[in-house]
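Novice: Sequence first, then the predicted structure, then my questions.
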Amino acid sequence: MEKNIVVIPWDGIWVEVINEWVKILKKIEKKFDIKFNLEYKLMWACAIDETWEPLPDDTLESARKSDAILFWAVGHPRFDNDPNAKVRPEQGLLKIRKELWLFANIRPVKIFDKLAYRSAIKENIVAWTDFIVFRELTGGIYFWEKIRKKDKAIDICEYSIYEIDRIVEMAFKQAMKREKKLISVDKANVLETSRLWRERVSEIAKKYPEVEVEHLFVDNAAMQMIIRPSEFDVIVTENMFWDILTDEASQISGSIWLLASASVWKQTGLFEPIHGSAPDIAWKNIANPIATILSVAMMLDYLDLKQEAKAVEKAVEEFINSGYGTADIAENKEKTLWTKEVGDRIGELI
Ligand code: IPM
Ligand code: MG
């Protein structure tokens, strides 16, 4: 079997981490009967430098035809510090999400027992935490009209029923496969889009009577996630709310370098670590490649290569249990490894 993968690295510390991606894919090819055709494409700040576009057409077309896209984190200090930049790397990210209809952003948050002590929250509270979030990714305030006048600015937030229904359905289906508990996050006490959101969730819930549904206002959800993260199972919410809550959720796991995410629909899927591009630690060989490696596992799962995905996940778990790792997760100084060594060891475990 062959799979065509478009690889989009470039900004920040990709140089170090991309090798670990490839290393893991090579291991999977060797162990299982599969071939990955990798095609490297330009995006982000480097693409702006070369083409004036954060997402050149040629990259978009290859991505559209691919089976999956491996994606590196976006962000470059040159643009972050310039609020007036006309072209920004982030525009490329929003465009690829929209153009490829990647409306479902799936972000699992799982505690590795071994690392519970590293969490920003007390170990006994985070123990056993394992939840999965469905974030709507191509609608809401991110994508509607932005107006700038001399003395004011306007961002419009709009949600249509079909946009809400398709992500909510997906979340219910996932809840049926798990503990049958769904939390829907909104701000229905203030926002009209949230009132529609809540209405649709309640309507769709009728089709899934076994699923216990809880509605939380987003401010309360931010608090509940810290008080009782282990009771969360499946969460569904709109675009902006989970963008904000993701960064909070990442601290439950102990390190933002452990979480991967998938943005999917039928045509293709895009897989990326949730952390940023971390240009401040580029070229030092100290970045933790685990989120990147786990995004490969999510990709394999999406491609219906279940056994292969399990092999990667198991190798990562075993590696973490060994107490070794980059400085953010290593048990002690003696067990601290370079980026490359982490990839080597996980590769061996596969
Ligand atoms: C994310 C990121 C993006 C978002 C940025 C880079 C536009 O923060 O994927 O969470 O806000 O969606
Ligand atoms: Mg974000």
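Specialist: Perfect, I can see it now. Ligands and ions are numbered 1, 2, ... in the order given.
Novice: so how far is the worst-scoring helix or strand of the chain on mean pLDDT off the chain centroid?
Specialist: Across the helices and strands of the chain, mean confidence by mean pLDDT, DSSP states H and E is lowest for helix 77-80: a mean of 71. Distance, stretch centre to chain centre, for helix 77-80: 22 Å (Cα atoms, centre = their mean, to the nearest Å).
Novice: residues contacting the residue in the stretch 51-200 of the chain that ligand 1 sits nearest to?
Specialist: Residue of the stretch 51-200 of the chain nearest ligand 1, by Cβ to the nearest ligand atom: residue 90 (4.2 Å). For every residue, glycine as well, the C-beta is placed using N, CA and C. For residue 90, the contacting residues are 54, 74-75, 79, by Cβ atoms under 8 Å, 6 or more residues apart in numbering.
Novice: Same question for residue 35.
Specialist: Residue 35 sits next to 1-3, 29 when contact means Cβ under 8 Å, 6+ apart.
Novice: beta partners of it?
Specialist: In this entry, residue 35 is beta-bridged to residue 2, by DSSP bridges.
Novice: most surrounded residue in the contacts of residue 35?
Specialist: Tallying neighbours with other Cβ atoms under 10 Å puts residue 3 at the head of the contacts of residue 35, with 17 neighbours.
Novice: Buried residues, the host helix or strand of residue 124. List them.
Specialist: Assigned by DSSP states H and E, residue 124 belongs to helix 123-126. Residues of helix 123-126 classed as buried: 125-126 (neighbour count, 16 or more other Cβ atoms under 10 Å).
Novice: next helix or strand past it?
Specialist: Taking DSSP H and E, what comes next after helix 123-126 is strand 130-136.
Novice: What are the contacting residues of the helix holding residue 124?
Specialist: Counting by Cβ under 8 Å, 6+ apart, 111, 116-117, 119, 226-230, 252 sit against helix 123-126.
Novice: what is the mean pLDDT for it?
Specialist: For helix 123-126, mean pLDDT is 94.
Novice: about what we covered before: which ChimeraX command selects the buried ones in the contacts of helix 123-126?
Specialist: In ChimeraX syntax, the buried subset of the contacts of helix 123-126 is picked out as below (16+ other Cβ under 10 Å):
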select :111,116,119,226,229,252
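Novice: In helices, which of the contacts of helix 123-126 appear?
Specialist: Residues of these located in helices (DSSP state H): 226-227, 252.
Novice: thinking again about what came up before, kindly export the helix holding residue 124 (C-alpha atoms) in PDB.
Specialist: C-alpha atoms of helix 123-126 as PDB (Å, rounded to 0.1, in the frame of the first residue of the first chain):
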ATOM      1  CA  GLU A 123      -1.100  15.100  40.700                       C
ATOM      2  CA  ASN A 124      -4.200  13.600  42.400                       C
ATOM      3  CA  ILE A 125      -6.500  15.900  40.400                       C
ATOM      4  CA  VAL A 126      -5.000  15.200  37.000                       C
END
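Novice: picking up where we left off before, how about the contacts of residue 90 in a markdown table, adding distance to residue 307, neighbour count and secondary structure?
Specialist: Below are the contacts of residue 90 laid out as a markdown table (distance: Cβ to Cβ, whole Å; neighbours: other Cβ atoms under 10 Å; DSSP: H, G, I helix; E, B strand; the rest coil):
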| residue | distance to residue 307 | neighbour count | secondary structure |
| --- | --- | --- | --- |
| 54 | 36 | 26 | coil |
| 74 | 32 | 24 | coil |
| 75 | 34 | 20 | coil |
| 79 | 41 | 20 | helix |
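Novice: For ligand 1, see how far away the closest residue to residue 331 other than its chain neighbours is.
Specialist: Leaving aside its sequence neighbours, residue 331 sits nearest to residue 323 (Cβ to Cβ, 6 or more residues apart in numbering; 3.5 Å). Distance of residue 323 to ligand 1, computed by Cβ to the nearest ligand atom, to the nearest Å: 30 Å.
Novice: May I have the residues that are in contact with residue 323?
Specialist: Counting by Cβ under 8 Å, 6+ apart, residue 323 has contacts 114, 330-332, 335.
Novice: so is the residue in the stretch 151-300 of the chain positioned nearest to ligand 1 in a helix, a strand, or just coil?
Specialist: Ligand 1 sits closest to residue 243 of the stretch 151-300 of the chain, with a gap of 4.3 Å, by Cβ to the nearest ligand atom. What DSSP: H, G, I helix; E, B strand; the rest coil gives for residue 243 is helix.
Novice: Please name the residues that touch it.
Specialist: residue 135.
Novice: Need the per-residue pLDDT for it.
Specialist: 94.
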